[in-house]
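**Student:** next come a sequence and a model predicted from it.
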Amino acid sequence: MPQVSVHTTGRLNSRSVRDHNLSLVLHELHRRFSASRSLVCSATGLTPGAVTLLVNELMKAGFIETSGMLEAEGGRRKKQLVLSGRTCPVAVLLLRPASVRLVCESFSGERLVDEVHRRDFRGRPVEDFVSFAAELIYTLERRLAKERGLELKAVGVVSPIAVLAHQTGTLPNADFGWPMMDIGASIRTEVQRLGGASTVVMMNDANCAGWAEYRALVQKGAEDPHGVIFIDTDDPMGGSFIFDGKVYNGALGTAMGIGHIQINAEGERCVCGKRGCLTLYAGRDALMRRSGLTELVNTSGPDTALAELERRAKVGEEPARETLDRAVRYVRIAIENALTLLVADCVIIGGYMGAHLDDILAVDNGFTSLGVPGVTSLHAAVLGDEAAVAGGLSRMRGAVIDHVGEIIRGESLDPSTLLQDTV
Ligand SMILES: [Zn+2]
């Protein structure tokens, strides 16, 4: 018996090392878009012999292919390896107040499906959404299998709802009126009842948006930051914190809920129960109300009203000017507080405040590291409304890569360990 046990452990260890190395090679190609075998060797520290075996296995399983493109490396032109679309498509469902969007991409990044369903689930039982989501996922599974011979393994449901640390349970949500429950598990059960097999996980939209903006920054050539604070200043004001390439979720999934940090202890009462939260001064709704533009929001839409606010503030018209000035000041205070606690070296501002980076930097509040080259860089977000979907797809692709060994062996994926990019 002892020999069997030792033997089994040895096999398990070599299997997990092999799984790890398969993921390592794929992550490198995902990060770089393409690379030669020798570049993969130097980036991963694996021997040429090991890389050849791993690449052959990944090619056989349909995860990578040679692009046919030759690129010069150190004076020699070498064949490039790229991700292949022959296996494992990734999909996200984006739940918004009045719509559900389904987006599916091949493993190599080609967009296969992108459809928006005008459905408003606010105030409706969560079971209605569960059935609707399961139906969409099951239909997508069937469609991918029939039209392309592809098997959908995992789907991320991206929503404003906070996701608990075990990745599928969700906190109660006031906008939709849903209780604390495991929405991911309910959707999975319903997908299985229909005859589908996808693993379904819940993802927070601010975490996905922050992830996409962080990846976009690195792809543009910025040095990979250690700590990234992402703030979305549009309602509901939120954010995310990415540390060493991992999304910091917090035990309740509410980490970086920067809209609800207290700016004024004597301020008016916020929906969260505290007084004087940032969102009461810098949230878009609050700005419009205080500037007398709520009616314009209702008649002409939020973008027209925001443009009008910016115009009035620029020509010094009150109360627009003072209201916007104060929002800029308070956002700056919130950033400084976050930096004091987290010591991030990169801050990305999404939403309407992204147009006010210079104003944020110009706020005089004594010593700061914000905007100091080489210490803390400050950027405007670039992806806008697409950030949550782009980040969701990228994180799902990362999850497939993390589990490539299990997928090749045909094992089912455990939703509680699917998103390993999260702490
Ligand atoms: Zn609050």
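**Tutor:** Looks like it arrived, so ask away.

**Student:** how does the chain divide into domains?
**Tutor:** The chain breaks down by automatic domain parsing into domains covering 2-83, 90-207+387-418, 221-384.

**Student:** CSV for these, including distance to Tyr214, mean neighbour count and mean pLDDT?
**Tutor:** C-betas here are computed from N, CA, C, even on glycine. Listed next are those as CSV, based on distance: least, CB to CB, whole Å; neighbours: other CB atoms under 10 Å; pLDDT from 0 to 100:
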stretch, distance to Tyr214, mean neighbour count, mean pLDDT
domain 2-83, 12, 15, 81
domain 90-207+387-418, 8, 19, 94
domain 221-384, 5, 17, 92
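
**Student:** ok, which of the ones you listed comes nearest Arg215?
**Tutor:** Proximity to Arg215, assessed across the domains of the chain by CB to CB, is greatest for domain 90-207+387-418 (5.9 Å).

**Student:** near the ion at all, that closest one?
**Tutor:** No - with CB under 5 Å from the ion as the threshold, domain 90-207+387-418 lies outside contact range of the ion, at a closest distance of 11.3 Å.

**Student:** okay, how far is it across that domain, tip to tip?
**Tutor:** The distance separating the two terminal residues of domain 90-207+387-418, taken as CA to CA, to the nearest Å, comes to 13 Å.

**Student:** quick one, helices of the stretch 301-423 of the chain?
**Tutor:** With DSSP state H, counting those that start in this stretch, the ranges of helices along the stretch 301-423 of the chain come out as 302-314, 320-342, 357-362, 387-402, 404-408, 415-418.

**Student:** in the stretch 51-200 of the chain, which residue sits nearest the ion?
**Tutor:** Distances from the stretch 51-200 of the chain to the ion, computed as CB to the ion, single out Ala174 as the nearest residue at 11.3 Å.

**Student:** close enough to count as contact, that residue and Val271?
**Tutor:** Yes - counting by CB atoms under 8 Å, a contact exists between Ala174 and Val271, whose distance comes to 6.9 Å.

**Student:** as a check, name the ranges of all helices in the stretch 151-300 of the chain.
**Tutor:** Secondary structure of the stretch 151-300 of the chain by DSSP H, counting those that start in this stretch: the helices cover 183-194, 205-219, 279-282, 284-290, 294-300.

**Student:** check which helices and strands the shortest one is in contact with.
**Tutor:** I take that to be helix 279-282. In this structure, helix 279-282 makes packing contacts with helix 320-342, judged by 3 or more CB pairs under 8 Å, 6 or more residues apart in numbering; DSSP states H and E.

**Student:** just the first one next, same as before
**Tutor:** Using 3+ CB pairs under 8 Å, 6+ apart as the contact criterion, the secondary-structure elements in contact with helix 183-194 are helix 126-148, strand 154-159, strand 199-204, helix 415-418.

**Student:** by contact count, what packs against the last one?
**Tutor:** Pointing back at helix 415-418 there. Checking 3+ CB pairs under 8 Å, 6+ apart, helix 415-418 ends up next to helix 183-194, strand 199-204.

**Student:** and the shortest one, which strands flank it?
**Tutor:** The one in question is strand 199-204. According to DSSP bridges, the neighbouring strands of strand 199-204, each with its direction, are strand 154-159 (parallel).

**Student:** need the residues that contact the partner strand.
**Tutor:** With contact meaning CB atoms under 8 Å, 6 or more residues apart in numbering, strand 154-159 is reached by 90-95, 133, 137, 140, 170, 183-184, 187, 198-205, 208, 388-389, 392-393, 395-396, 399-400, 413, 418.

**Student:** with stretch 311-327 instead?
**Tutor:** By CB under 8 Å, 6+ apart, stretch 311-327 touches 281-282, 287, 290-293, 309-310, 353.

**Student:** same list, the residues you listed, but as JSON lines with distance to the ion please.
**Tutor:** Shown next, in JSON lines, are the contacts of stretch 311-327 (distance: CB to the ion, whole Å):
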{"residue": "Tyr281", "distance to the ion": "11"}
{"residue": "Ala282", "distance to the ion": "12"}
{"residue": "Leu287", "distance to the ion": "16"}
{"residue": "Arg290", "distance to the ion": "17"}
{"residue": "Ser291", "distance to the ion": "21"}
{"residue": "Gly292", "distance to the ion": "23"}
{"residue": "Leu293", "distance to the ion": "22"}
{"residue": "Leu309", "distance to the ion": "22"}
{"residue": "Glu310", "distance to the ion": "25"}
{"residue": "Met353", "distance to the ion": "18"}
